[in-house]
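>>> take this sequence and fold it.
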Amino acid sequence: MGNLLYVIAVILVIAWAIGFLGYHAGGLIHILLVIAIIAILLKVIRRAD
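Below is the predicted model of the structure:
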(Lines give C-alpha, C1' and ligand atoms only; values in the text may rest on other atoms or scores of the structure.)
Protein backbone atom coordinates (compact mmCIF):
# COMPACT_ATOMS: atom_id res chain seq x y z
CA MET A 1 0.00 0.00 0.00
CA GLY A 2 2.84 2.37 0.82
CA ASN A 3 4.57 1.73 -2.50
CA LEU A 4 1.32 2.39 -4.33
CA LEU A 5 1.01 5.77 -2.61
CA TYR A 6 4.55 6.66 -3.63
CA VAL A 7 3.94 5.61 -7.25
CA ILE A 8 0.77 7.71 -7.40
CA ALA A 9 2.66 10.70 -5.99
CA VAL A 10 5.40 10.35 -8.62
CA ILE A 11 2.82 10.06 -11.40
CA LEU A 12 1.06 13.18 -10.16
CA VAL A 13 4.31 15.14 -10.08
CA ILE A 14 5.12 14.04 -13.64
CA ALA A 15 1.59 14.95 -14.78
CA TRP A 16 1.96 18.35 -13.13
CA ALA A 17 5.29 18.98 -14.85
CA ILE A 18 3.94 17.98 -18.26
CA GLY A 19 0.82 20.05 -17.78
CA PHE A 20 2.70 23.06 -16.50
CA LEU A 21 5.25 23.03 -19.29
CA GLY A 22 2.91 21.96 -22.08
CA TYR A 23 -0.13 24.12 -21.44
CA HIS A 24 -1.75 26.08 -18.66
CA ALA A 25 -4.84 24.27 -17.40
CA GLY A 26 -5.53 26.67 -14.57
CA GLY A 27 -5.75 25.56 -10.97
CA LEU A 28 -6.15 21.86 -11.75
CA ILE A 29 -2.43 21.40 -12.38
CA HIS A 30 -1.53 23.01 -9.07
CA ILE A 31 -4.08 20.89 -7.23
CA LEU A 32 -2.36 17.79 -8.64
CA LEU A 33 0.97 19.09 -7.35
CA VAL A 34 -0.43 19.69 -3.86
CA ILE A 35 -1.92 16.18 -3.75
CA ALA A 36 1.42 14.70 -4.84
CA ILE A 37 3.35 16.63 -2.19
CA ILE A 38 0.91 15.55 0.51
CA ALA A 39 1.26 11.92 -0.58
CA ILE A 40 5.06 12.13 -0.46
CA LEU A 41 4.98 13.77 2.98
CA LEU A 42 2.66 11.06 4.29
CA LYS A 43 5.05 8.42 2.96
CA VAL A 44 8.04 10.07 4.68
CA ILE A 45 6.17 10.52 7.95
CA ARG A 46 4.95 6.91 8.00
CA ARG A 47 8.47 5.65 7.24
CA ALA A 48 9.86 7.61 10.21
CA ASP A 49 7.51 5.88 12.67
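>>> what helix or strand does the residue nearest the centre of the chain sit in?
In the chain, the residue lying closest to the centroid (C-alpha atoms, centre = their mean) is residue 36, at 1.8 Å. Assigned by DSSP states H and E, residue 36 belongs to helix 27-48.
>>> repeat that for residue 13.
Per DSSP H and E: helix 2-22 holds residue 13.
>>> buried stuff in that helix?
For helix 2-22, the neighbour count (16 or more other C-beta atoms under 10 Å) marks 9, 12-13, 16, 19 as buried. Backbone N, C-alpha and C define where each C-beta goes, glycine included.
>>> and the contacts of stretch 38-45?
With contact meaning C-beta atoms under 8 Å, 6 or more residues apart in numbering, stretch 38-45 is reached by 2, 5-6, 8-9, 12.
>>> enumerate every residue touching residue 37.
residue 9.
>>> stretch 17-33 spans what distance, first to last residue?
Chord length of stretch 17-33, first to last residue, is 9 Å (C-alpha to C-alpha, to the nearest Å).
>>> now it: average pLDDT?
In this model, stretch 17-33 carries a mean pLDDT of 70.
>>> 55 is where my numbering starts, stick with that
Yep, numbering from 55; the last one is stretch 71-87 now.
>>> out of the buried residues of helix 56-76, which is nearest to residue 100?
Checking these against residue 100 by C-beta to C-beta gives residue 63 as the nearest, at 12.5 Å.
>>> so that closest one touches residue 90, yeah?
Yes - taking contacts as C-beta atoms under 8 Å, residue 63 lies within contact range of residue 90: 4.6 Å.
>>> show me what counts as buried in stretch 95-103.
Buried residues in stretch 95-103, counted by 16+ other C-beta under 10 Å: none are found.
>>> now that stretch: average pLDDT?
Here the average pLDDT along stretch 95-103 is 78.
>>> on that earlier part again, by how many degrees do the helix holding residue 90 and helix 56-76 diverge?
In terms of direction (axes from the mean of the first three to the mean of the last three C-alpha atoms, to 10 degrees), helix 81-102 departs from helix 56-76 by 150 degrees.
>>> having no further points to raise, I will conclude here.
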